[in-house]
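S.K.: Kindly generate the corresponding structure for this input.
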Amino acid sequence: MHHRVLATGVFALSIGILACDEPLSDVTGPTPLLEPTFSSIQEQIFENGDSSGRSACIQCHNATGQLFAGRLNLEHAVAYAQLVNVAARNKPSAIRVVPGAPDSSYLVHKLAGGPDIFGLRMPQNGPFLTDGQILVIKRWIELGAAND
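M.R.: Model (predicted):
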């Protein structure tokens, strides 16, 4: 009996370790180079579209279009300052990115289409980010949302 419990424990541990070794590119789908850093998210998500047909976020969230896009400018020079510890314009009780707390970050709610969002899920009219892409953004926030 003891050997069976030990064998089951070793098997479960092995499966857990293998799951952690899954390459990030297997999860991120149309953005295989996406990493949980701000610079990667800026380049791979905000500034560029992807093979799913998703447009770059900056097509709407720019200095000209920000009036209509929740006053959120995601252009390179200002994106970080517009996101981290900043209240959402159309929902001032919500903070766009709360370092260390992805589930409390309004950006995640908007990307995932949470029930508490003001307006539409982003990107408007899709294609939406994949679960893997959102997971990477959540991981960046969980790690403290550094400007890296």
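S.K.: Return the helix or strand in this protein with minimum mean pLDDT.
M.R.: None of the helices or strands of the chain scores lower by mean pLDDT, DSSP states H and E than helix 2-20, at a mean of 38.
S.K.: And the next helix or strand past that helix?
M.R.: Elements were assigned by DSSP states H and E; along the chain past helix 2-20, the next helix or strand is helix 24-27.
S.K.: residues of that next one that come out buried?
M.R.: The neighbour-count check on helix 24-27 (16 or more other Cβ atoms under 10 Å) flags Leu24 as buried. Placement of C-beta: from N, CA and C, glycine included.
S.K.: From the contact counts, what lies against that helix?
M.R.: If you count contacts as 3 or more Cβ pairs under 8 Å, 6 or more residues apart in numbering; DSSP states H and E, helix 24-27 packs onto helix 131-142.
S.K.: Just give me how far the helix it packs on sits from the chain centre.
M.R.: In terms of Cα atoms, centre = their mean, to the nearest Å, the centre of helix 131-142 is set 4 Å apart from its chain centre.
S.K.: Also stretch 41-51?
M.R.: Put simply, stretch 41-51 sits 11 Å off its chain's centre (Cα atoms, centre = their mean).
S.K.: Next secondary structure after the lengthiest strand in the chain?
M.R.: For the chain, the strand with the greatest residue count under DSSP state E is strand 91-95. Where DSSP H and E defines the elements, the next helix or strand beyond strand 91-95 is helix 106-112.
S.K.: So which residues make contact with that following helix?
M.R.: Residues outside helix 106-112 that contact it (Cβ atoms under 8 Å, 6 or more residues apart in numbering) are 83, 88, 91, 94-97, 102, 114, 116-117, 121-122, 128-129, 134, 137-138, 141.
S.K.: Can you select the buried ones among these for me in ChimeraX?
M.R.: A single ChimeraX command selects the buried members of the contacts of helix 106-112 (16+ other Cβ under 10 Å):
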select :83,88,91,94,95,96,97,102,117,121,122,128,129,134,137,138,141
